[in-house]
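Student: what's the 3D shape of this:
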Amino acid sequence: MKDNSPGTHFGSYEILRILVPGFYFIFVLYVYAAAFTFSISPFDTWEIGIPTFFIGGLLAGLTLYAKESPKKRKAFQSNQPSQFLLERSRRVKDAPAMDEDEARQLYFYILNHYIPETVHEKIFFFGTMYQVMISIRRTSFGFGIVGLVLLAVDFTVKSHFVLTSVLPVGLVWLIYAMNVRYNKADRKMQENYQDQIFWLSMNTKLVDDLIAQRMHLDRTP
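Tutor: Next up, the predicted model:
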């Protein structure tokens, strides 16, 4: 029987957040090594190269995942549903306003216990796509800069550019440019937040009751 529990979906999306950016990073690294004729022996054999690719991709993905730099972007930080709860708490009678941590904690409680499963799926999906796309964008930019430096060094040695070296660097910059030009990540993240805020605004009685209940629990010895 297929398991459609939120925990299963959450775990699957978290794995994608690790593997896709990680494998992209290690793939571009391998392409650069081949394009600029760096010696990768003994990793150029199938027996060692493939396990190294997968292990390297996993380690790179875990490193990018731990850094969580996409979460520092304005599109991720602004208009969060927890901010709606923070402002709403100031309107609840006889209840002190919550701070940001309390509002965020209450938001996750509402998300896990009250918001419908269909909304959950959308939140997980677009949250994953946001982090994957931003990680790919930043990885592409970093490799793009490194590629330009390598091309400059290659040119000083050979006095000309080699197509097999220029092509991968150009493709990396193209991926970065397309990601910036057709930036759906930030827009979809904001739309995702607005949908959640709309749900909260349509259920203000529930929200106010939970805020009051939380304040009552905080005051209980």
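Student: elements contacting the helix or strand hosting residue 33?
Tutor: For residue 33, the host element (DSSP states H and E) is helix 6-35. If contacts are counted by 3 or more Cβ pairs under 8 Å, 6 or more residues apart in numbering; DSSP states H and E, helix 6-35 sits against helix 46-67, helix 117-158, helix 163-181. The way it works is simple: take the backbone N, C-alpha and C, and place the C-beta from them, glycine included.
Student: state the distance from the spatially most central residue of the chain to residue 156.
Tutor: By Cα atoms, centre = their mean, the mean C-alpha position of the chain lies nearest to residue 131, the distance being 1.4 Å. According to Cβ to Cβ, to the nearest Å, residue 131 and residue 156 sit 38 Å apart.
Student: so residue 93, which of the three states?
Tutor: When classified by DSSP: H, G, I helix; E, B strand; the rest coil, residue 93 comes out as coil.
Student: quick check: angle from the helix holding residue 33 to helix 46-67?
Tutor: Note on geometry: by axes from the mean of the first three to the mean of the last three Cα atoms, to 10 degrees, helix 6-35 and helix 46-67 are set 120 degrees apart in direction.
Student: which pLDDT value goes with residue 171?
Tutor: Note for residue 171: predicted pLDDT of 94.
Student: and the helices and strands packed on helix 6-35: which comes nearest residue 11?
Tutor: Taking Cβ to Cβ, helix 117-158 is the member of the helices and strands packed on helix 6-35 nearest to residue 11, at 9.9 Å.
Student: elements contacting the closest one?
Tutor: helix 6-35, helix 163-181, helix 184-201.
Student: and the angle for the first one with helix 117-158?
Tutor: Between helix 6-35 and helix 117-158, the angle comes out at 10 degrees (the same axes, to 10 degrees).
Student: and helix 6-35 with helix 163-181, angle?
Tutor: Using the same axes, to 10 degrees: helix 6-35 against helix 163-181 is 150 degrees.
Student: surely residue 194 meets residue 79?
Tutor: Yes. The pair residue 194 / residue 79 is scored as a contact, 7.0 Å apart, by Cβ atoms under 8 Å.
Student: and the most far-flung residue of the chain relative to its centre, how far is that from residue 24?
Tutor: What lies farthest from the middle of the chain is residue 159; by Cα atoms, centre = their mean that is 40.9 Å. Noted for residue 159: a distance of 33 Å to residue 24, by Cβ to Cβ.
Student: likewise for residue 150?
Tutor: Counting by Cβ to Cβ, the gap from residue 150 to residue 24 is 18 Å.
Student: so between these two, which is more surrounded?
Tutor: Between residue 150 and residue 24, counted using other Cβ atoms under 10 Å, the more crowded position is residue 24 (21 against 18).
Student: leaving aside the residues adjacent along the chain, what's closest to that one?
Tutor: residue 136 (5.6 Å; Cβ to Cβ, 6 or more residues apart in numbering).
Student: output the below-cut-off pLDDT ranges for this protein.
Tutor: For the chain, applying pLDDT under 70 flags the ranges 1-10, 38-47, 68-77, 94-95, 215-221.
Student: ok, now with 90
Tutor: The model of the chain has pLDDT under 90 over residues 1-17, 30-57, 61-108, 111-135, 153-166, 179-196, 204, 207-221.
Student: what's the helix or strand for the residue lying closest to residue 106 once chain neighbours are set aside?
Tutor: By the measure of Cβ to Cβ, 6+ apart, the closest residue to residue 106 outside its immediate chain neighbours is residue 85, 5.5 Å from it. Residue 85 belongs to helix 81-89 when assigned by DSSP H and E.
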